[in-house]
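S.K.: Turn this into a model:
(one chain, ligands or ions: 2)
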Amino acid sequence: MRSREGGTLTQYAPSVNPFQQPRWSGASPDETEEEAHARVLAMQQAVKTSKEIDAWLLEGKKAFERRKKAVKILLLGQSESGKVRPSYFQLAFAPSHFERERSVWRIVVQLNVIGCMKTVLDALQDEYETNGTHPSNPIEETSKAPLRALRRLRLSLSPLFFIESNLLKILAPECDDCRNMTVRAGAGWKALLQAKTSPFIPSSAKGSSTRPSSVQGLIRQEYDPTSVLAAQRSDIVALWKDPEVQEILTRRRPRLIGSSSYFMNDIERIANLDYVPTDSDIIRARMKTMGVEEHHFIMEKGTSEFYITDVGGTRSQRATWAPFFDDVQCILFLAPLAFDEVLEEDSKVNRLEDSLYLWRDICANKLLAKCHLILFFNKRDVLQATLARGVQVKKYVPTYGDNANDVTAVTKYFREKFKYYHKKTSIQSRPFMCHETSAIDIKSMSVLLTGVRESILRQSLREGDIM
Ligand SMILES: Nc1nc2c(ncn2[C@@H]2O[C@H](COP(=O)(O)OP(=O)(O)OP(=O)(O)O)[C@@H](O)[C@H]2O)c(=O)[nH]1
Ligand SMILES: [Mg+2]
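M.R.: Numbering: from 1, shown residues only. Ligands and ions are numbered 1, 2, ... in the order given. Sure, this is the predicted structure:
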């Protein structure tokens, strides 16, 4: 055999056979002792890193397998449609997790109360200023009296507004009013609130372990509205129950966030030193979220795992939903029958019309062709109250015509509309599932969600998703 240059191969062969040498250690022949030491350390580190990568890959594989077997639910709907459902799932299937977050929701409820107080004070100010500047007002001094009382009240409540701004600095630094506050999705804001307001500040969060507990108490009070609310309870109750104030609110209809009136009607219970929010309070508390948040639950009784993804529903956030359409099995679509309301972010758009078109787009989405869609006509109680006030559907939806103006007829009418788009735009046929719900009815919501969970599990088993 010859090499290309013409010489024999044997003339290039090494004098020693490497395969017969002891195992190569990476050491060079003239290595010093320190170099040898450094080399051994580097090799040990490399082995450790390699094991860590293996463990990480294995963990990732396990997580992927777990996720594959879990039930994946996506909550969709416009802003304020009532996607408080992660709390419901926690309450129904992981109650101890729900329990741990109770202290956080106390502050959210208190912020809702502060926001509502501000709206009431602003509405009264507008009312009195308009009346006070009215040229035909005969007794100018008398007309100024309510404005002066209002100013006094604002002053006495000012510690609350100071605490509000402290809380905003940690929750939503770019915002100066809790009524417009939006927190970033994820548990970050809850941990921050817990750290600032929990009764026992952990030593790691104290900064100085020698700080006396009275100072810690003061720091806590800067972030905790409880004692100020308790001290001002009688003034707040008197203001909210004043028939004149109620008349002004009914006439002016200022926008009250979330379930503020529910909290204000119960203010004697809430403005208390030992106030702990009830399940109902937590479900009603309003905290606008920005971004997408995934909640992972393992059922405390049973073995099922859930991934529930909650999204921000304002129009500007809807583009962020698509990446979550990939492996979702079921969408719970929330659509309140708010035929007489407009979107907060665009006052030209009717809320119900927006929901209907959003539903149509979800039904038509190719990525969701195999996904189960469950429609919730949420806020049934609000629909009931609106119709009871005599608000006519046909005034807002001309095609409604002379159908009866009651909950049954209204629900039936809109159910047909949603069903029509479901059938017309779904790429492959799927059952139309629609429920009427009300977040305030915790018991029946839990029963309903248990039913939904069972049917998703059954469906997944049928399709072989879950082993
Ligand atoms: N009365 C009543 N209030 C409800 C109902 N469902 C939700 N709410 C309240 O409506 C407010 C808004 O609900 P959320 O669930 O926070 O709104 P969301 O859909 O998550 O809105 P974004 O986070 O902005 O997308 C909260 O104060 C809820 O307590 C209901 O059925 N009846
Ligand atoms: Mg939300």
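S.K.: quick check: domain ranges of the protein?
M.R.: Per automatic domain parsing, the domain ranges recorded for the chain read 69-94+299-463, 102-284.
S.K.: where does the stretch 201-350 of the chain dip in pLDDT?
M.R.: The model of the stretch 201-350 of the chain has pLDDT under 70 over residues 201-219, 299-303.
S.K.: Report the closest residue of it relative to ligand 1.
M.R.: residue 258 (2.6 Å; CB to the nearest ligand atom). (Glycine included, C-beta is placed from N, CA and C.)
S.K.: Would you mind giving the domains of the chain as TSV with distance to residue 46 added?
M.R.: Supplementary listing: the domains of the chain in TSV, determined by distance: least, CB to CB, whole Å:
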stretch	distance to residue 46
domain 69-94+299-463	35
domain 102-284	34
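S.K.: could you redo the ones you listed as a markdown table and give each row mean neighbour count?
M.R.: As requested, the domains of the chain are exported to a markdown table (neighbours: other CB atoms under 10 Å):
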| stretch | mean neighbour count |
| --- | --- |
| domain 69-94+299-463 | 17 |
| domain 102-284 | 16 |
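S.K.: For the closest residue to ligand 2 within the chain, I want the exact helix or strand it lies within.
M.R.: Going by CB to the ion, ligand 2 is nearest to residue 289 of the chain, at 4.3 Å. Remark: residue 289 resides in strand 288-290, with elements defined by DSSP states H and E.
S.K.: Ok, residue 162 next?
M.R.: Using DSSP H and E, residue 162 falls in helix 158-171.
S.K.: which helices and strands does that helix pack with?
M.R.: Helices and strands touching helix 158-171, by 3 or more CB pairs under 8 Å, 6 or more residues apart in numbering; DSSP states H and E, are helix 102-132, helix 188-197, helix 213-223, helix 226-231.
S.K.: closest to ligand 1 out of the ones you listed?
M.R.: helix 102-132 (7.4 Å).
S.K.: Would you mind getting the angle between the closest one and helix 158-171?
M.R.: Between helix 102-132 and helix 158-171, the angle comes out at 130 degrees (axes from the mean of the first three to the mean of the last three CA atoms, to 10 degrees).
S.K.: Name the residue closest to the centre of the protein, please.
M.R.: Most central in the chain under CA atoms, centre = their mean is residue 289, positioned 4.9 Å from the mean C-alpha point.
S.K.: Go ahead and confirm it touches residue 181.
M.R.: No - under the criterion of CB atoms under 8 Å, residue 289 makes no contact with residue 181, lying 10.4 Å away.
S.K.: hmm, back to that, and the angle for the helix holding residue 162 with helix 188-197?
M.R.: Between the axes of helix 158-171 and helix 188-197, defined by the same axes, to 10 degrees, the angle is 130 degrees.
S.K.: ok so residue 450 is a helix residue?
M.R.: Yes - when DSSP: H, G, I helix; E, B strand; the rest coil is applied, residue 450 is found to be in a helix.
S.K.: residues touching it, list them.
M.R.: Counting by CB atoms under 8 Å, 6 or more residues apart in numbering, residue 450 touches residue 92.
S.K.: can you check residue 122 too?
M.R.: By CB under 8 Å, 6+ apart, the neighbours of residue 122 are residue 254.
S.K.: how about the strands of the chain, start to end?
M.R.: Taking DSSP state E, the strands of the chain run over residues 71-76, 182-184, 288-290, 293-298, 305-310, 330-334, 372-377, 433-436.
S.K.: returning to what we had before: reformat the helices and strands packed on helix 158-171 into TSV and put distance to residue 74 next to each item.
M.R.: As requested, the helices and strands packed on helix 158-171 are arranged in TSV below (distance: least, CB to CB, whole Å):
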stretch	distance to residue 74
helix 102-132	23
helix 188-197	21
helix 213-223	34
helix 226-231	36
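S.K.: which one of those helices lies closest to residue 253?
M.R.: Closest to residue 253 of these is helix 102-132 (CB to CB; 9.0 Å).
S.K.: Point out the residues in the stretch 251-400 of the chain that sit beside ligand 1.
M.R.: Residues of the stretch 251-400 of the chain found near ligand 1 (CB under 6 Å from any ligand atom) are 258-259, 283-284, 286, 288-289, 312-314, 378-379, 381-382.
S.K.: ok, those vs residue 98, which is closest?
M.R.: Nearest member of these to residue 98, counting by CB to CB, is residue 283, at 10.2 Å.
S.K.: Residue 440 is in contact with the closest one, correct?
M.R.: Yes - when contacts are counted by CB under 8 Å, residue 283 is listed as touching residue 440 (7.1 Å).
S.K.: where do the contact lists of those two overlap?
M.R.: With CB under 8 Å, 6+ apart as the test, residue 283 and residue 440 reach no residue in common.
S.K.: What sits closest to the residue in the stretch 51-200 of the chain positioned nearest to ligand 1 if chain neighbours are left out?
M.R.: Ligand 1 sits closest to residue 82 of the stretch 51-200 of the chain, with a gap of 2.9 Å, by CB to the nearest ligand atom. Distances taken as CB to CB, 6 or more residues apart in numbering place residue 378 nearest to residue 82, at 4.2 Å, with adjacent residues excluded.
S.K.: What backbone torsions are found at the one you found?
M.R.: phi -80, psi 170 (degrees, to the nearest 10).
S.K.: quick one: contacts for it?
M.R.: So residue 378 contacts 77, 81-82, 334-336, 437-439 (CB under 8 Å, 6+ apart).
S.K.: ok, back up a step: tell me which strands the strand holding residue 289 pairs with, and in which orientation.
M.R.: strand 182-184 (parallel) (DSSP bridges).
S.K.: so does the partner strand get close to ligand 1?
M.R.: No - Strand 182-184 does not reach ligand 1 (CB under 6 Å from any ligand atom); its nearest approach is 7.7 Å.
S.K.: Do me a favour and average the pLDDT over that strand.
M.R.: Throughout strand 182-184, pLDDT has a mean value of 85.
S.K.: ok, and what's touching it?
M.R.: With CB under 8 Å, 6+ apart as the test, strand 182-184 has contacts from 171-172, 175, 189, 287-291, 312.
S.K.: same thing but 10 Å
M.R.: Contacts to strand 182-184, defined as CB atoms under 10 Å, 6 or more residues apart in numbering, come from residues 79, 108, 171-172, 174-175, 189-190, 192-193, 287-291, 293, 312, 314, 317.
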